[in-house]
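> this is the structure alone, sequence omitted:
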């Protein structure tokens with residue numbers, strides 16, 4: 001009975017032993033059939049190494065050497081582009097301003113030259129001349145009437161022309177009037193109130209008695225004898241007007 005009891009109790013022990021052995025065998029099999037410790041270590045090492053370089057790049061010296069350099073290059077590129085653009089804008093603008101300044105200077109010089117030329121041309125294109133139907137002598141213009149009237153009307157006619165009844169200031173002017181008038185007697189600007197008063201011109205300046213005046217009349221005229229004579233104011237004669245020459249433009 002005791003042997004039989006041992007035999008009945010043996011299987012559990014064997015079973016326990018087998019189980020333990022099987023566990024060891026399974027453990028050994030797991031150790032031999034699965035990845036080895038070396039392989040696992042290598043895998044872990046590879047995984048670590050595959051991550052570590054990136055970590056080093058991000059945290060180590062590479063961060064200071066790669067990214068800042070890229071930014072510096074980028075900033076340099078931006079700076080270069082900005083410089084080129086600034087030069088492209090400033091240089092043409094400077095050239096344009098210089099050209100405009102030169103053009104303005106040229107225009108100013110041309111305008112000044114034009115003004116000077118115009119002034120010179122104006123001076124050169126002006127001359128002293130007498131109106132139409134007037135005769136020039138010396139610095140005066142003379143008008144010889146073709147009609148006859150009294151001395152008062154003759155004086156008023158000359159005044160309406162901006163002139164006066166003829167006045168001579170030199171003997172040369174008197175001789176010119178005598179030659180040009182012909183044989184007719186012409187009223188001139190000499191007059192007096194009476195035979196007891198001096199002779200005067202129409203502007204009331206006194207006559208210098210260059211040539212004596214004959215007769216006892218109140219108004220003087222150039223006679224056909226080439227002398228100065230006097231007559232009554234109401235006698236009708238042709239007349240002579242005189243006025244200074246004026247400078248007028250030749251284009252007029």
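Yes, it's here. Just so we're clear, the structure is a prediction, and the values are computed from it rather than from any experiment.

> for residue 149, give the beta-bridge partners.
Judged by DSSP bridges, the bridge partners of residue 149 are residue 237.

> got it, and residue 164?
For residue 164, the beta-bridge partners under DSSP bridges are residue 242.

> likewise residue 142?
Applying DSSP bridges, one finds that residue 142 bridges with residue 135, residue 242.

> now do the same for it: its pLDDT.
Per-residue confidence (pLDDT) for residue 142: 96.

> who's in contact with it?
Taking C-beta atoms under 8 Å, 6 or more residues apart in numbering as the criterion, residue 142 is in contact with 134-136, 166, 177, 180, 240-242. For every residue, glycine as well, the C-beta is placed using N, CA and C.

> any idea how far residue 130 is from it?
8 Å (C-beta to C-beta, to the nearest Å).

> what do these two both touch?
residue 136.

> strands of the stretch 101-250 of the chain, start to end?
Ranges of strands within the stretch 101-250 of the chain are 126-129, 135-137, 140-144, 164-165, 186-191, 213-214, 219-222, 228-231, 240-244, 246-249, based on DSSP state E, counting those that start in this stretch.

> out of the ones you listed, which is closest to residue 172?
Evaluated over the strands of the stretch 101-250 of the chain, closeness to residue 172 peaks at strand 135-137, with 8.6 Å, by C-beta to C-beta.

> residues making contact with that closest one?
Looking at strand 135-137 with C-beta under 8 Å, 6+ apart, the contacting residues turn out to be 129-130, 141-144, 173, 176, 180, 245.

> in stretch 198-208, what counts as buried?
199-202, 207 (16 or more other C-beta atoms under 10 Å).

> that one - what's its average pLDDT?
pLDDT averaged over stretch 198-208 gives 94.

> same question, stretch 220-236
If you average the pLDDT over stretch 220-236, you get 89.

> follow-up on the earlier one: can you list the buried residues of stretch 198-208 in TSV and add distance to residue 157?
TSV is the format used below for those (distance: C-beta to C-beta, whole Å):
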residue	distance to residue 157
199	21
200	19
201	16
202	12
207	21
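
> from these, pick the one nearest residue 149.
Nearest member of those to residue 149, counting by C-beta to C-beta, is residue 202, at 15.3 Å.

> which residue packs closest to the closest one, ignoring adjacent ones?
Spatial nearest neighbour of residue 202, excluding adjacent residues (C-beta to C-beta, 6 or more residues apart in numbering): residue 189 at 4.5 Å.

> residues in contact with that neighbour?
Neighbouring residues of residue 189 by C-beta under 8 Å, 6+ apart: 155, 164-167, 201-202, 220, 242.

> list just the nearest of those to residue 236.
Among the contacts of residue 189, and counting by C-beta to C-beta, the member closest to residue 236 is residue 155, at 13.4 Å.

> residues near that closest one, how many?
Here the count is done by other C-beta atoms under 10 Å, and residue 155 has 21 residues near it.

> OK, contacts around the nearest residue to it once chain neighbours are set aside?
Closest residue in space to residue 155, ignoring its immediate chain neighbours: residue 165 at 5.1 Å, by C-beta to C-beta, 6+ apart. With contact taken as C-beta under 8 Å, 6+ apart, residue 165 is in contact with 151, 154-155, 158, 187-189, 202, 239-242.

> just name the closest of those to residue 195, please.
residue 151 (16.1 Å).
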